[in-house]
Every structure is written in C-alpha cells, then in structure tokens.
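Visitor: Quick one: sequence plus predicted model below, questions after.
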Amino acid sequence: MRRVVLIVHGDVQRVGYRDRVHKIANKGGIYGQIRNLDELDAEIIAEGKSENIEQFISDIRISEYPISVESVEIREEVYTGSVSSFRIIRGDPDEELAERMDTAIQHLSIIGHYSKRASDNSDVLISMMETSIGKQDQMLDKQDQMLEKQDQMLGKQDQMIVNQDNVLQEIKGVRSDLKKTVTQEVSEMRIELREVREALVRAGLMEPAKG
C-alpha cells in the first residue's frame, strides 16, 4: 500500500477540478482528500494500492477546458490506512458559493462552445449538401443535353432512312422505265429487221425464209 501527497498546479480552482478528482478517486479505489490552497493550487492526499496510486496520478492530470493541470508535485509519506473514503475539504461558505457559481458559468461556457461548434458544423453540412445538390442539378442538365442530342441524332437517322427509301424508290422507278424503254426499242428493231428482210426478198437479193 502507498500514501502520497500531491500538489497540483494550474487552472484547478473554480473550474470543478475537485469534483472531477473526487469521482476519479472513488472509481479508482483511492482514499484520502482534496482541498484548495491559498496559492490557487490544490492539495491531494491519496492512499491505496501502488498500481492504483500510479493510475490516479495519471488520471488527475486533466487538460480539458476549463481545467488545465500544468504540473503535479509528488511527496511520498508513510501509509497509515486511517481513511476509508475520499472527500472534498470545503472552505468558507461564501468562497464555496462563488466557486460553484464560477463552475456553473464555466459549464455554461462549455455548452455554448460546443453548441457553437455544432451550429458551425451544421452550417458546413448544409453548405456541403447545397453544393452536392448544385452538382446533381448540373449532372441532370448535362443528362438532359445528352438526351436532346440523342433525340437529334435519332431524328437525323430517321431522315436518313426516309432519304434512303426515296432513293430506293427512285432507283426502282428508273429501272422500270429503263426496262420498258429497252423492251420497246428491241420490239421496234425486230419490226425494222423484218421490213428490211422483206424488201430484200422482193428485190431478189435474199431468199425467203423457210417454213
């Protein structure tokens, strides 16, 4: 077992430090007391198992606004085992009331500090959401533009198909007209050949066709 006297320097008065140490001691199996000193420091007497004392000394080095422990003086004493709890030594009632009021103000300040941070974070989050929505709107606009271009391309493809159909119809018409013209010309040529043959037969220059 071990007994130590600790002198804690820093912002440890009127910031709720004694209450924090009281909770740490009760949780860590430490017996003794804590009181404020005139020099704005705090004195802690602690008894307990050696490993518990070491952990306790580490845990009381608090640096969380508004508490700020700058250093801890450690003085070893003979273990007595005369205490079975950990208590806070209170001072003058007016001084204690002033400290409690200061502590309450500090807690309100902490709440206000974190509330402001939460508000700032909310503003950042809202700004990020608005930026994200703006980007989504831009993406939707681009998609609309792409769809419009696709519609234009489909319209051009439809026009090309119509043009192809017209060309095919014209080709078919030309082929039909050409076939009629060739057929007619062949027929006329046959007639002319027959007339020439008959004239040659009459003139005795060609024998009549047999059969």
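Guide: That came through fine.

Visitor: Let's verify the most centrally placed residue in the chain: helix, strand, or coil?
Guide: The residue at the geometric middle of the chain, judged as the C-alpha nearest the mean C-alpha position with CA atoms, centre = their mean, is M128 (8.8 Å). On the three-state scheme (DSSP: H, G, I helix; E, B strand; the rest coil), M128 is labelled helix.

Visitor: let's have the chain start at 830 instead
Guide: That works, and once the first residue is 830, the last one we named lands at M957.

Visitor: Where do the helices of this structure begin and end?
Guide: 846-857, 879-888, 922-1031 (DSSP state H).

Visitor: relative to helix 846-857, how tilted is the second one?
Guide: Computed with axes from the mean of the first three to the mean of the last three CA atoms, to 10 degrees, the direction of helix 879-888 lies at 150 degrees from that of helix 846-857.

Visitor: by contact count, what packs against helix 879-888?
Guide: Helix 879-888 sits against strand 831-840, helix 846-857, strand 871-877, with contacts defined as 3 or more CB pairs under 8 Å, 6 or more residues apart in numbering; DSSP states H and E. For every residue, glycine as well, the C-beta is placed using N, CA and C.

Visitor: Show me what counts as buried in the first one.
Guide: Applying a neighbour-count criterion of 16 or more other CB atoms under 10 Å, one finds 831-833, 835, 837-840 buried in strand 831-840.

Visitor: So what's the model's average confidence on it?
Guide: Across strand 831-840, pLDDT averages out at 97.

Visitor: Do you know the pLDDT at the residue nearest to the centre of the chain?
Guide: Looking at M957, its pLDDT is 74.

Visitor: quick revisit: which of the helices of the chain sits closest to S897?
Guide: Nearest to S897 among these is helix 846-857 (9.4 Å), distances taken as CB to CB.

Visitor: Give the other helices and strands that the closest one contacts.
Guide: In terms of contacts (3+ CB pairs under 8 Å, 6+ apart), helix 846-857 is packed against strand 860-865, strand 871-877, helix 879-888, strand 896-906, strand 915-918.

Visitor: in the third one, what's buried?
Guide: Which is helix 879-888. If you call a residue buried by 16+ other CB under 10 Å, then helix 879-888 has these buried ones: 881-882, 884-886, 888.

Visitor: Check the shortest one too.
Guide: Along strand 915-918, the positions that meet the burial threshold by neighbour count (16+ other CB under 10 Å) are F915.

Visitor: quick one: average pLDDT of it?
Guide: Mean predicted lDDT for strand 915-918 stands at 95.

Visitor: cool, and the fourth one?
Guide: What strand 896-906 shows for mean pLDDT is 96.

Visitor: Please enumerate residues in contact with that strand?
Guide: Taking contacts as CB atoms under 8 Å, 6 or more residues apart in numbering, the residues outside strand 896-906 that touch it are 831-841, 844-846, 849, 886, 889-892.
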